[in-house]
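Enquirer: The sequence and its predicted three-dimensional model are supplied below.
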Amino acid sequence: MNAHLLITTVADEAVARRLAQTWVESRIAACVSILPGVSSTYRWNGRVENATELLLLVKFACDADDIEERVARIAETHPYDVPELVVLDPAFVAPAYLQWLGTESLDQGA
């Protein structure tokens, strides 16, 4: 079991809070931190766009074989057509925190 940090963005606080609640309740994530006020500049449909978004830091633990399924479950509930879903694998995680992540984000019935 390894710790993972998924980063994604959403357009408004209500969506961010709904997703965070859903993902933690379903054990997709142990914790979701919501950071408001992210200014994003990106190319979409041939145009440069600017938006204020919220950054979500989605923290979970799972085996390497389960990452794609976990990300797919997050994508299913994400409102964007092409959501930013980037998983980072930390070089170090405090053992007690890793244990907590695993306890709180592993599917109990899987």
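Expert: Looks like it came in fine.
Enquirer: Show me which residues of the biggest helix by length in the chain are buried.
Expert: For the chain, the helix with the greatest residue count under DSSP state H is helix 13-25. For helix 13-25, burial by neighbour count (16 or more other CB atoms under 10 Å) applies to 15-16, 19-20, 23-24. Just so you know, the C-beta spots here come from the backbone N, C-alpha and C atoms, and that holds for glycine as well.
Enquirer: would you turn those residues into a markdown table with distance to residue 64 and pLDDT?
Expert: Formatted as a markdown table, those follow (distance: CB to CB, whole Å; pLDDT from 0 to 100):
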| residue | distance to residue 64 | pLDDT |
| --- | --- | --- |
| 15 | 29 | 98 |
| 16 | 28 | 98 |
| 19 | 24 | 98 |
| 20 | 24 | 98 |
| 23 | 20 | 97 |
| 24 | 22 | 97 |
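Enquirer: sorry, back to before: can you list the residues that contact the longest helix of the chain?
Expert: Contact with helix 13-25 is made by 10, 28-32, 34, 36, 54, 56, 58, 74, 77-79, 104, as judged by CB atoms under 8 Å, 6 or more residues apart in numbering.
Enquirer: switch to 10 Å and redo it
Expert: The contact list for helix 13-25 (CB atoms under 10 Å, 6 or more residues apart in numbering) reads 6, 8-10, 12, 28-36, 53-60, 70, 73-74, 77-80, 104-105.
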